[in-house]
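what follows is a predicted protein model with its sequence.
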Amino acid sequence: MKFETDRFICEINKQVAHVRFKGPQVVEYSQASCLGPELRRVVSSYEFRRLVLDCEGLPFVTSTVLEGFIAVYLRCRKLERSVRIVHAEPLVRDMLRRTQIDLLMPVQERLDEALKLD
């Protein structure tokens with residue numbers, strides 16, 4: 001199954017939900033404030049074991065985007081699902097490290113690594 005919102009494209013199979021963000025406009029406040037609720041809707045509405053947040057094309061992330069990531073992580077954890085981040089640009093990777101979000105959601109270089117279930 002594949003669908004699109006203003007902020008991302010999501011492909012879901014029985015095992016993995018792959019969310020690809022649609023570029024830098026996602027970090028604008030008006031867009032970012034809707035991101036968390038949209039991601040939580042994906043987690044609540046579909047069955048899968050892993051959520052992959054593909055940050056390719058995001059030059060940086062704001063605190064609002066990070067808040068959305070944490071909210072969706074907590075929802076996934078409650079449902080016993082894992083979350084991975086892939087294709088994080090250097091500024092995004094640094095922000096994830098500084099906020100220690102990378103300890104909750106592993107950041108991986110390659111998509112095939114992030115999609116592989118443990």
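That came through fine. Numbers count the residues shown, from 1 in each chain.

the helices in the protein, which residues?
Along the chain, counting by DSSP state H, helices occupy 29-45, 63-78, 90-98, 111-115.

could you dump the ones you listed into TSV with distance to Q15, mean neighbour count and mean pLDDT added?
C-beta: built from backbone N, CA, C; applies to glycine. Formatted as TSV, the helices of the chain follow (distance: least, CB to CB, whole Å; neighbours: other CB atoms under 10 Å; pLDDT from 0 to 100):
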stretch	distance to Q15	mean neighbour count	mean pLDDT
helix 29-45	14	16	85
helix 63-78	14	18	93
helix 90-98	24	15	95
helix 111-115	8	15	92
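
which one is R93 nearest to, not counting chain neighbours?
Nearest non-adjacent residue to R93, counting by CB to CB, 6 or more residues apart in numbering: V107, 6.0 Å away.

which residues touch that neighbour?
Counting by CB atoms under 8 Å, 6 or more residues apart in numbering, V107 makes contact with R84, I85, V86, A88, R93, L96.

okay, A114 and Q31: tell me how far apart.
Note on A114: its distance to Q31, by CB to CB, to the nearest Å, is 23 Å.

go on, L103?
Here the distance between L103 and Q31 works out to 26 Å (CB to CB).

now the residue nearest to R93, which residues is it bridged with?
Residues in a beta bridge with V107, per DSSP bridges, are I85.

among the contacts of V107, which one sits closest to L51?
Among the contacts of V107, R84 lies closest to L51 (CB to CB), at 7.4 Å.

give me the neighbour count for the closest one.
With neighbours defined by other CB atoms under 10 Å, the count for R84 comes to 20.

let me see the contact set for it.
Going by CB under 8 Å, 6+ apart, R84 touches R50, L51, V52, L53, M105, P106, V107, Q108, A114.

for those residues, give me TSV that also has distance to C10.
Conversion of the contacts of R84 to TSV gives the following (distance: CB to CB, whole Å):
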residue	distance to C10
R50	13
L51	10
V52	10
L53	10
M105	17
P106	20
V107	20
Q108	18
A114	14
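
any idea how far V52 is from the closest residue to E38 other than its chain neighbours?
Excluding the flanking residues, the one nearest E38 by CB to CB, 6+ apart is T5, at 5.5 Å. Going from T5 to V52 by CB to CB gives 16 Å.
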